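S.K.: Here is my input, please return the structure:
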Amino acid sequence: MKNAFATVIFFTALCLYAADVIVEVRIPSGTTTEAIAEKYLKNASDIKEVRRLNKLLPKGGKELVESPFVNIPKNLLKEKVCDASAARPLVLTRKEKEIKWEKLPSGRRLFPGDGVMTSSDGSVRLGFLAGGSLFLGPDSLIFLKENEERPSASFLAGNISVDDIRVVSRGVKVQPARFAKYNINTSPDKNVRLSVHSGEIDVTAHKKTVKVKEGFGTLVAFGSVPEAPRPLPAGISDFNNLPGLKEGEKYHFQIASDDKFQNMISDKYLVSAAGVEAEKENLPPGGYYLRASLLSKDGFESRWSAFYYFVKGPESRDIIKVESITDLGDGVLEVKGSCKGMMSVVINGHPGKALEGDRFICEFLIGEAEIFTVFIQAQSDFFSKRYKKTPSNLWLPID
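M.R.: Coordinates of the predicted model:
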């Protein structure tokens, strides 16, 4: 792994506190009080204490928690840092002070002192129990530790994507506003480059603080104060007409199975669009999301493009016949149609019903989304067809 393991990131995450400290833990939507007891507490019976601190928690264990935050005493939290997901193709881990590394599978929970190392084409997402996440690209090495505040990371070199986590690097402190997203890059010359993609960040070095807002970046030369914010490189807006690369520039492509890019399938820096076409060719049939950014020669990364949705599989436009799309109210659509030899149908993750005569019907929640995709498994192959909502509220086929 090329200068990969020279990339060392010492990661500090919120997990253990003094016994009298209350930790504000960000939880995912759809979490129940029963799940909080099992996932976050050393002893599930301590949920009673958590209820005392959080008056709005539902009484039933299987009822959903409405708040995105729950206050939990530090001494009740399990001693673990984060969950690993989308680890591919080769990501390794080891325990503190051990020498042997072993393969890190998706779903593994990591603890203070654990190390995580990606190969030259590896990547992994770490979702932290106290909120926030970190995406490690190729050639990265981190060690998880504990801290007294929000999740934070200190690292020496590399390029990482960060969501709502503090970073300290070579004397440079990066303090994001809640839910801020940014990219941070360091180089062999020990300079630190920060690109803010969402929210705003306070960057401090040598007692000087600079506020960097969305769409801007700053350079902190080693041993110096932060420079004035500068606009990020222009982003990519058209996948069919990619901007030409100047010397030292790279495309940053990501492919995921969801539009939030939580379940990452591929994450690569490439010097031509041909590389991403090769990645797409290796995918199994299905629907995928692609986005891209531009990494400049001096280490600043543009904001992500809007996602581009594509389907790997046979051309389906004339094979799937959609006869009606009906708005049932409350954000629910009903789609009826047919496809020769069909066996099953799924629309936007919602299974429909296969009827006699190769016909189907599916009701699903569309909400405010403006695109849906019909996926059909037929006897002969896998087919798909996309529809987009027009300004006049009509649903028309695209592709």
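
S.K.: Distance check, Asn393 against Ile366.
M.R.: Asn393 is 12 Å from Ile366, where distance means Cβ to Cβ, to the nearest Å. (C-beta placed from N, C-alpha, C; glycine too.)

S.K.: out of these two, which sits in the busier spot?
M.R.: When neighbours are counted by other Cβ atoms under 10 Å, Ile366 comes out ahead of the other of Asn393 and Ile366, with 20 against 7.

S.K.: Show the contacting residues for that one.
M.R.: Listed by Cβ atoms under 8 Å, 6 or more residues apart in numbering, the contact set of Ile366 reads 331-333, 348, 372.

S.K.: so where do the helices sit in the stretch 251-399 of the chain?
M.R.: Residue ranges of the helices in the stretch 251-399 of the chain, as given by DSSP state H, counting those that start in this stretch, are 274-281.

S.K.: According to the record, where do the domains of the chain fall?
M.R.: 17-76, 250-312, 321-398 (automatic domain parsing).

S.K.: In JSON lines, list the ones you listed along with distance to Ile236 and mean pLDDT.
M.R.: Putting the domains of the chain into JSON lines (distance: least, Cβ to Cβ, whole Å; pLDDT from 0 to 100) gives the following:
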{"stretch": "domain 17-76", "distance to Ile236": "29", "mean pLDDT": "81"}
{"stretch": "domain 250-312", "distance to Ile236": "4", "mean pLDDT": "83"}
{"stretch": "domain 321-398", "distance to Ile236": "19", "mean pLDDT": "87"}
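
S.K.: what's the most buried one of those?
M.R.: Using mean count of other Cβ atoms under 10 Å, the stretch among the domains of the chain with the largest mean neighbour count is domain 250-312, at a mean of 17.

S.K.: distance between the ends of that domain?
M.R.: Its start and end residues considered, domain 250-312 measures 25 Å (Cα to Cα, to the nearest Å).

S.K.: measure stretch 83-102 end to end?
M.R.: Span of stretch 83-102 from end to end, Cα to Cα: 16 Å.

S.K.: Contacts for it next, please.
M.R.: 103-110, 112-119, 121-127, 129, 143, 256, 262-265.

S.K.: Okay, and which of those map to strands?
M.R.: When those are checked against strands (DSSP state E), the matches are 103, 109-110, 115-118, 123-127, 143, 256, 264-265.

S.K.: Only whichever of those are buried, select them in ChimeraX.
M.R.: Buried residues within the ones in strands among the contacts of stretch 83-102, by 16 or more other Cβ atoms under 10 Å, are selected in ChimeraX with:
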select :110,115,116,117,118,123,124,125,126,127,143,256,264,265
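
S.K.: Closest one of the ones in strands among the contacts of stretch 83-102 to Pro28?
M.R.: Of all the ones in strands among the contacts of stretch 83-102, the one sitting nearest Pro28 is Gly127; the distance, using Cβ to Cβ, is 8.4 Å.

S.K.: doesn't Ser133 make contact with that closest one?
M.R.: Yes: using Cβ atoms under 8 Å, Gly127 is in contact with Ser133, at 4.8 Å.

S.K.: shared neighbours of the two, which are they?
M.R.: Joint contacts of Gly127 and Ser133 (Cβ under 8 Å, 6+ apart) do not exist.

S.K.: For Glu214, which of the domains of the chain is the nearest?
M.R.: domain 250-312 (7.9 Å).

S.K.: any idea how far that closest one is from the chain center?
M.R.: The chain centroid and the centroid of domain 250-312 are separated by 13 Å under Cα atoms, centre = their mean, to the nearest Å.

S.K.: try stretch 130-149
M.R.: Computed by Cα atoms, centre = their mean, the separation of stretch 130-149 from the middle of its chain amounts to 13 Å.

S.K.: again, but for stretch 347-364
M.R.: Its chain's C-alpha centre lies 30 Å from the corresponding centre of stretch 347-364 when counted by Cα atoms, centre = their mean.

S.K.: With just CA atoms, put it into PDB.
M.R.: These are the backbone C-alpha positions of stretch 347-364, laid out as PDB (Å, rounded to 0.1, in the frame of the first residue of the first chain):
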ATOM      1  CA  ILE A 347     -40.700   0.400  -6.500                       C
ATOM      2  CA  ASN A 348     -38.400   2.600  -4.400                       C
ATOM      3  CA  GLY A 349     -37.800  -0.200  -2.000                       C
ATOM      4  CA  HIS A 350     -41.500  -1.100  -1.600                       C
ATOM      5  CA  PRO A 351     -42.600  -4.600  -2.900                       C
ATOM      6  CA  GLY A 352     -45.700  -4.600  -5.000                       C
ATOM      7  CA  LYS A 353     -48.100  -7.400  -6.100                       C
ATOM      8  CA  ALA A 354     -47.700  -9.600  -9.100                       C
ATOM      9  CA  LEU A 355     -51.100 -10.200 -10.700                       C
ATOM     10  CA  GLU A 356     -52.400 -12.600 -13.400                       C
ATOM     11  CA  GLY A 357     -51.500 -11.800 -17.000                       C
ATOM     12  CA  ASP A 358     -48.000 -10.400 -16.200                       C
ATOM     13  CA  ARG A 359     -49.600  -7.400 -14.500                       C
ATOM     14  CA  PHE A 360     -48.600  -5.700 -11.300                       C
ATOM     15  CA  ILE A 361     -49.700  -3.100  -8.800                       C
ATOM     16  CA  CYS A 362     -47.700  -1.200  -6.200                       C
ATOM     17  CA  GLU A 363     -48.500   1.400  -3.500                       C
ATOM     18  CA  PHE A 364     -45.600   3.200  -2.000                       C
END
